[in-house]
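Q: Quick one: sequence plus predicted model below, questions after.
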Amino acid sequence: MKLRLIASAVLAAASLTAAPIVAAEYPDRPVSLMVSYGAGGATDFQARIVTMVAGNEEYLGQPMVIINKPGAGGRVGWNWFASEADSDGYTMGAYNIPHFIAQSIEGGVKYSAESFEPIANWGADPAVVVVGADSPYNTIEELVGFATENPGKVTLSGAGLYVGHHIAALQIEKATGAKMAYIPTKGGGAAAMKAVIAGDVIAGVNNLSDAFRAREAGNVKILAVADLERSDFLPDVPTLKEAGFDVDNSSVNFRGVMVPKGTDPAIIEKLAATVPQMFENARVAKQMQAGGSPMHIMTRDEVLEMWAAREETLQDLLAGLK
Amino acid sequence: MEFLQYFGGVFEPTSFLLLIGGTIGGLILGATPGLSPTMAVALLIPFTFQLAPTQGLILLGAAYTSTVAGGAVSAILLRIPGAPANIATALDGNAMAVQGQGAKALHISFLSSGIGGVIGVFLLIFLTPVLAKWALLFGPSHLFWMAILGVTVIGSLDSKSFVKGLLSGCLGLWLSMIGYDDIQGAQRFIFHDALTGGVSIITALIGIFAIPQVIEMLAVGRQRQDIAAVTVSKQPFLESVKLTLSSVKSLSIGTVIGSFIGLIPGVGGQIAGLLAYDQTKKFSKNPESFGQGNPQGVIAAESANNAMVGPSLVPLLTLSIPGSPTAAVLLGGLLIHGIFPGGDLFDNHPEVIWTFINSMLIGQILMVVFGIWVAGYAAKVAQVPKAIMASAVLVLAVFGAYSVQQSMGDVYVMFVLGVAMYFLEKFGFSAAPLVLGLILGPIAEANFIQGSMIANAMNGPFEYFMMGSLNLFLIVLVLASIAWSFVTSRKEAKNAAAAGDA
């Protein structure tokens, strides 16, 4: 405690002299943004869109460069970001909630919500429950009814463990009391969606954006959304809450940018003020809309609150799993 | 024949320039070790932000087709497969280049790529609705048997000894288990941070193919008398055409296997080249000439990996399911322009999608033209002094391994695997079976576990894995492939014994 006091005193002293100058000049070279998923994935794809106007004078005035560090469901990238990334403001990272918080609760990684400082949130992709177009189930009640009568018989595909889909599946099981078999796939949401369309599994949990496209193509029926409110993309699909199941928005895949702990507070402040404006840029909004990627802009304070809330729900939900 | 009316779009000045640029750029990116087609396409996506949808897709389509073929250049000249698809090309292609026939190897490689590629795109044009249903037939149990079918060819692939082939295959399977397991949530064999994400196939490819060579080259020393003078023979283009066109058997095996495998989501083109190579070798009258510079090996492998390109887009374009990592990146490229793939894509955006498909067709032809054009010069690489060559390959290897995920950890993994492979080769083990094990391991494992989980919710694993016509068909193929290996290795043993007596 004492050390921390001294450290903060030193920091404060330093920030009185050096920091204002650093922050005023920041950024004077391109800023990199680490994405812990592969090039071409949804997170990478959206990160490239929301950062494309970073070079404009009114925002950062410097371009942002995407660096992909994929592997182990995001663990490789976030491990690197927590332990090796420079905290000079020139290395930013993309976060995925609930993924990294759930992984840190599961253990075996070098990060937790404490390791990062959020800057702003750009998108939110809720999880939805899908069945194949020719499935006998037309509503979430019918599916849950079958699952209750036949414990363990309903197979539910999703993209891996400790990701939004997995969290949603756990919450659905808990809320309905029906035992289901969650089948994690390798290769992300696309493989999980294929399993639903091909009839390999009875139902699946998937991203709203991907499910929306699959429904447009006539391949799936969307039974419910795991969010607090209905989505603008799917006004006809009820939320799980409306259907009477106590499932909140803990599984919604929030995406945004962050910096490592220890970054100069003046820089964090500057980024927290400009980055949300950058996300609101009309060109960004247009490209995101075209790509079917739902936007959800949140400021640093809102994100901090959301992280803390997630941490709490996930601790409870995952406690029984370990 | 709807596609014909959209051919005009490809030849509009901007579009055609993009097509040429994409093809040349793709060839260069493809020829660079470590830059796989997936990464090349991903790198180009930001450039399409500013383009019209059709033009953006032309660029991506051209880059996709030509990077797959470009990977053959480094496979042949440097024995570093640019991507997993080109592993089989390196086996005979590099042997040819070392003998001074690099130009010939490049010629036939581009020609057979072009032929396989054009047939693949035609399948995409004419049979998409039929093929889409076919692609969905393969569930976890079938993919598991497909992977096992791949495992059965490990022993006979590029090895003097069947047992040593199997052993290096096992080593590859073990390497594939390293890292975090997405399905069961287990951390396996993570001795060092660099292994958290597992051993990336590209990193392993570069390490085990390039590093042993570099060590060999440096071990030779710099004395002039040690340098084997290679005369690079000139290759008349027409002769290459004649050779390629007369290799009907290898071309058809390659094209059929390539398009079939390309179609199945989740298997990807990584094993198409190797399976086609193995089949061509099995059906050949003199299988022992494979690996020594037999042009048929190059033709089979390259026609297979380009034939895969067209069909691999079928699940993406009709069902919106990307069947391969590259298709997933292309999906991003489509979405960014507000084009949602799906059954009605061909009705809603015919001009975009047909121009895209046509550009892949024209792209295949341009790729052959440019490829052949540089082949003569590129083949001279074989004459470069060993010391210079070794350093150049080393630089490319480090660059390639690093670029996979901008990580020095991958470079260390590459060196460790490479040095280990150097010693393994001294004991008669070879690299190709090891890579095949590394590729097949995750497919077999993930599908087996998923299948078991699904089977437990149904009527049990026996019924799930062993019943149904497609399962039985694949099991018969697996058994036939094993039996064939036994018969041939017995025959070889007999021949060897006979030769020993004489």
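A: Received it, and whenever you're ready, just let me know what you need. Residues are numbered from 1 along each chain as shown, chains lettered A, B, ... in the order given.
Q: and the helix or strand hosting residue A:271, how far out from the chain's middle?
A: Residue A:271 belongs to helix A:265-279 when assigned by DSSP states H and E. Averaging C-alpha positions (Cα atoms, centre = their mean, to the nearest Å) puts helix A:265-279 20 Å from its chain's average.
Q: Does that helix reach chain B?
A: No - looking at helix A:265-279 against chain B by Cβ under 8 Å from any Cβ of the partner chain, there are no contacts, and the closest approach is 15.6 Å. C-beta here means a position set from N, CA and C on the backbone, and glycine is covered the same way.
Q: Name the residues of that helix that are buried.
A: A:266, A:267, A:268, A:270, A:271, A:272, A:274, A:275, A:276, A:278, A:279 (16 or more other Cβ atoms under 10 Å in any protein chain shown).
Q: and stretch A:203-213, average pLDDT?
A: The average pLDDT within stretch A:203-213 is 91.
Q: likewise stretch B:338-351?
A: Here the mean pLDDT over stretch B:338-351 is 80, rounded to a whole number.
Q: if we look at it, which residues are touching it?
A: A:213-214, A:216-219, A:289-292, B:2, B:6, B:9, B:53-54, B:128, B:316-320, B:331, B:334, B:352-354 (Cβ atoms under 8 Å, 6 or more residues apart in numbering or on different chains).
Q: and the closest residue to chain A within the stretch 251-400 of chain B, helix, strand or coil?
A: For the stretch 251-400 of chain B, the residue closest to chain A is residue B:342, as judged by Cβ to the nearest Cβ, at 2.5 Å. Counting by DSSP: H, G, I helix; E, B strand; the rest coil, the backbone at residue B:342 sits in coil.
Q: For burial, what's the neighbour tally of it?
A: Counted with other Cβ atoms under 10 Å in any protein chain shown, residues neighbouring residue B:342 total 22.
Q: Number of residues surrounding the nearest residue to it once chain neighbours are set aside?
A: Spatially, and ignoring its direct neighbours in sequence, residue B:342 is nearest to residue A:217 (2.5 Å; Cβ to Cβ, 6 or more residues apart in numbering or on different chains). By other Cβ under 10 Å, the residues close to residue A:217 number 20.
Q: ditto for residue B:462
A: Neighbour number of residue B:462 under other Cβ under 10 Å is 9.
Q: Could you list every helix and strand that the helix or strand containing it packs against?
A: Here residue B:462 sits within helix B:461-466, counting by DSSP H and E. Contact here means 3 or more Cβ pairs under 8 Å, 6 or more residues apart in numbering or on different chains; DSSP states H and E; on that basis helix B:461-466 packs against helix B:140-152, helix B:431-457, helix B:469-501.
Q: Stretch A:98-105 and chain B, are they touching?
A: No - Stretch A:98-105 stays clear of chain B (Cβ under 8 Å from any Cβ), getting no nearer than 9.5 Å.
Q: Can you tell me what sits against that stretch?
A: A:73-75, A:78, A:109, A:111-113, A:162-164, A:166-167, A:250-254, A:307, A:310-311, A:314-315, A:318.
Q: Could you do stretch B:452-467 as well?
A: In contact with stretch B:452-467 (Cβ under 8 Å, 6+ apart) are residues A:152-155, A:181, A:183, A:200-201, B:140-141, B:144-145, B:451, B:471-472, B:475.
Q: Please say whether there is contact between the one helix or strand residue A:211 maps to and chain B.
A: In this assignment (DSSP H and E), residue A:211 forms part of helix A:208-216. Yes - for a cut-off given as Cβ under 8 Å from any Cβ, helix A:208-216 has contacts with chain B, namely A:210, A:213, A:214, A:216.
Q: Return the list of helices and strands in contact with that helix.
A: Helices and strands touching helix A:208-216, by 3+ Cβ pairs under 8 Å, 6+ apart, are strand A:127-132, helix A:188-197, strand A:220-225.
Q: Which one of the ones you listed lies nearest to residue B:259?
A: Of all those, helix A:188-197 sits nearest to residue B:259, with 19.2 Å by Cβ to Cβ.
Q: okay, the angle between the closest one and strand A:220-225?
A: Angle, helix A:188-197 to strand A:220-225, by axes from the mean of the first three to the mean of the last three Cα atoms, to 10 degrees: 110 degrees.
Q: Do helix A:188-197 and chain B come into contact?
A: Yes - against chain B, helix A:188-197 shows contacts by Cβ under 8 Å from any Cβ at A:188, A:190, A:191, A:193, A:194, A:195, A:197.
Q: longest helix in the chain, by residue count?
A: The chain I'm using is chain A. Looking across chain A with DSSP state H, the single longest helix is helix A:300-319.
Q: that answer is for a different chain, and I need it for chain B
A: Chain B, longest helix under DSSP H: helix B:102-136.
Q: If you average the pLDDT over it, what comes out?
A: Rounded mean pLDDT across helix B:102-136 is 90.
Q: quick one: buried residues of that helix?
A: Buried residues in helix B:102-136 (16+ other Cβ under 10 Å): B:102-121, B:123-125, B:127-128, B:131-132, B:135-136.
Q: Same question for stretch B:168-185.
A: Within stretch B:168-185, judged by 16+ other Cβ under 10 Å, the buried ones are B:168-173, B:175-183, B:185.
Q: Stretch B:34-46 too?
A: Across stretch B:34-46, burial judged by 16+ other Cβ under 10 Å covers B:34, B:35, B:36, B:37, B:38, B:39, B:40, B:41, B:42, B:43, B:44, B:45.
Q: what does the stretch 51-200 of chain A have sitting close to chain B?
A: Residues of the stretch 51-200 of chain A lying near chain B (Cβ under 8 Å from any Cβ): A:52, A:67-73, A:75-76, A:79-80, A:106, A:108, A:152-155, A:160-162, A:181, A:183-188, A:190-191, A:193-195, A:197-200.
Q: In strands, which of those fall?
A: A:67, A:68, A:155, A:181, A:183, A:184 (DSSP state E).
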